[in-house]
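J.: Structure of the sequence below:
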Amino acid sequence: MVLQSIIYSLAAYVLGSIPFGKLISARVARIDITRRGSGNVGATNVARELGLKWGLLTLVLDMMKGFVPVSLFAAAASTGGTLYAICLSAVGLSALIGHQFSIFMGFRGGKGVATALGVFLALSPLSCLIGLLIFVVVVAIWDFISLGSMVSAISLAVLMGVLGKPFPIVLGGFAAAALICVKHHENIGRLLKGEERKWRERSSQPRTSSNLSNSSSE
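T.: You can find the predicted model right below:
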């Protein structure tokens, strides 16, 4: 099983590395999304710059980067036990790390929220559903995608523990939440200063050093 998990983890990393937001933006609008808005390749920036439907497409594709490899490994090695849970977590984290540190983007990448959501969906659909509701509530109240993303990521890890998922799975959930929060460090700074851009604020200006200081980076 260990060798199998290594193979799946490598495949998950490569799949996670595919920058769908960048590819979609280049194809649809012939723009480099890393030079527009927040400069991020994730669904939020794509939705702001290209429109909601393209943002949703990016969201679904980024989710699949986490959901597919975890689901395939779970089906191929569904033996249960601690080792299985450890290997399953490794596959999921590999997909997330691939998105955040893409081999196709010089080991840079997005925040990983959608990819992590796909992983959580494969591991615990109920936790994922509750986490999505928490995200919606947070964004509806405060209008910050970044805040909703971090709160829901942490909530998902907690929920898996509450629902009795194996310890390695819960630990992997907290590791994923930590990676997401680290990737949002600039957003955290802006939130504390009251400078974070709200979801309804849309910018179509090219990415420059002068406007990046006030941009959101979901």
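
J.: V91 against S9, yeah?
T.: Yes. Using CB atoms under 8 Å, V91 makes contact with S9 at a distance of 5.2 Å. Glycine gets a C-beta too; all of them are placed from N, C-alpha and C.

J.: For these two, indicate the residue with more neighbours.
T.: V91 (29 against 22; other CB atoms under 10 Å).

J.: Which neighbouring elements make contact with the helix or strand hosting I169?
T.: Using DSSP states H and E, the element containing I169 is helix 167-183. When contacts are defined as 3 or more CB pairs under 8 Å, 6 or more residues apart in numbering; DSSP states H and E, helix 167-183 packs onto helix 82-100, helix 113-123, helix 145-162.

J.: can you rerun that using 6 Å?
T.: With contacts taken as 3 or more CB pairs under 6 Å, 6 or more residues apart in numbering; DSSP states H and E, helix 167-183 sits against helix 82-100, helix 145-162.

J.: List the buried residues for the last one?
T.: Right, the one you point to is helix 145-162. 145-161 (16 or more other CB atoms under 10 Å).

J.: Quick check: most distant residue from the centroid of the chain.
T.: T79 (27.7 Å; CA atoms, centre = their mean).

J.: neighbours of the residue nearest to that one when sequence neighbours are not counted, just the number please.
T.: Once flanking residues are discounted, T79 sits nearest to M1: 6.9 Å by CB to CB, 6 or more residues apart in numbering. Close neighbours of M1, defined as other CB under 10 Å, add up to 14.

J.: my guess is M1 meets A77, correct?
T.: Yes. Here M1 lies in contact with A77, judged by CB atoms under 6 Å, at a distance of 5.4 Å.

J.: Residues that sit against both of the two, list them.
T.: When CB atoms under 6 Å, 6 or more residues apart in numbering defines a contact, no residue borders M1 and A77 alike.

J.: mind listing what E49 touches?
T.: 36-37.

J.: Following the helix or strand where Y13 lies in sequence, what is the next regular element?
T.: Element membership for Y13 (DSSP H and E) is helix 2-17. Per DSSP H and E, the first helix or strand lying C-terminal to helix 2-17 is helix 20-28.
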